[in-house]
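A.B. asks: Attaching a predicted model along with its sequence, questions to come.
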Amino acid sequence: METTRPEESVRGLSAAGLRYAIAVGCAAAIDLAAAWLAASWLGLPLAHSAGLGVILGGIAAYFLLEFWAFKRPASAFSFKRLGSLLVVVLVTLVLRASIVAALAAVFPSDHAVLPILCVAFGITFTINFLVNRFLIFARQATR
């Protein structure tokens, strides 16, 4: 009978990989929910709403990744990693707002708000994942 180590999880995903996916999923939910609520309930312009979502999701991502997904005995608040992540968040903010503005100009319907946010989110989420995985948390992710 084969035994598995505690670090292993279902279908070959490591526990750290699974925690990363959950943490990023939670941050993504915060991002999209904040953007949708700001646009739909507060009446903020769509680009501003998307920006708010990016900022709140980015902050949530840092804390979830630093203290849960990539937690290690020496885990501590890192101005360097937070600063790096905030730079990525700012770039993501500009990119997401630009995508949202372009899509809103092409699809100017109130019914297009959530699809526009989702498309812009998908593009910037992919870029964010690659930067977080291979640059900001690279050392921790390979352990």
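C.D. replies: Structure received.

A.B. asks: just the helices in this protein please.
C.D. replies: Using DSSP state H, the helices of the chain run over residues 15-40, 46-64, 79-106, 113-131, 138-141.

A.B. asks: looking at those helices, which one has the lowest mean pLDDT?
C.D. replies: In terms of average pLDDT, helix 138-141 trails the rest of those, at a mean of 56.

A.B. asks: Throw the helices of the chain into TSV and include mean neighbour count and distance to residue 71, thanks.
C.D. replies: All C-beta atoms are positioned from the backbone trio N, CA, C, and that covers glycine. Formatted as TSV, the entries for the helices of the chain read as follows, by neighbours: other CB atoms under 10 Å; distance: least, CB to CB, whole Å:
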stretch	mean neighbour count	distance to residue 71
helix 15-40	18	8
helix 46-64	22	10
helix 79-106	17	13
helix 113-131	17	19
helix 138-141	14	9
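
A.B. asks: who wins for proximity to residue 72 among the ones you listed?
C.D. replies: When the helices of the chain are compared for distance to residue 72 using CB to CB, the nearest one is helix 138-141, at 6.5 Å.

A.B. asks: residues in contact with the residue nearest to residue 55 when sequence neighbours are not counted?
C.D. replies: In space, residue 55 comes closest to residue 89 once its chain neighbours are excluded; the distance is 6.3 Å by CB to CB, 6 or more residues apart in numbering. Taking CB atoms under 8 Å, 6 or more residues apart in numbering as the contact definition, residue 89 lies against 54, 55, 58, 59.

A.B. asks: gap between the last one and residue 98?
C.D. replies: Remark: distance between residue 59 and residue 98 (CB to CB, to the nearest Å) = 21 Å.

A.B. asks: With the third one instead?
C.D. replies: Summarising the geometry, the distance separating residue 58 from residue 98, computed by CB to CB, is 17 Å.

A.B. asks: ok, now residue 44?
C.D. replies: Taken as CB to CB, the span from residue 44 to residue 98 is 17 Å.

A.B. asks: just to revisit the earlier point, max pairwise distance over the contacts of residue 89: which two?
C.D. replies: With distance counted by CB to CB, no two of the contacts of residue 89 lie farther apart than 54 and 59, which are 9.8 Å apart.

A.B. asks: Cool, thanks, signing off.
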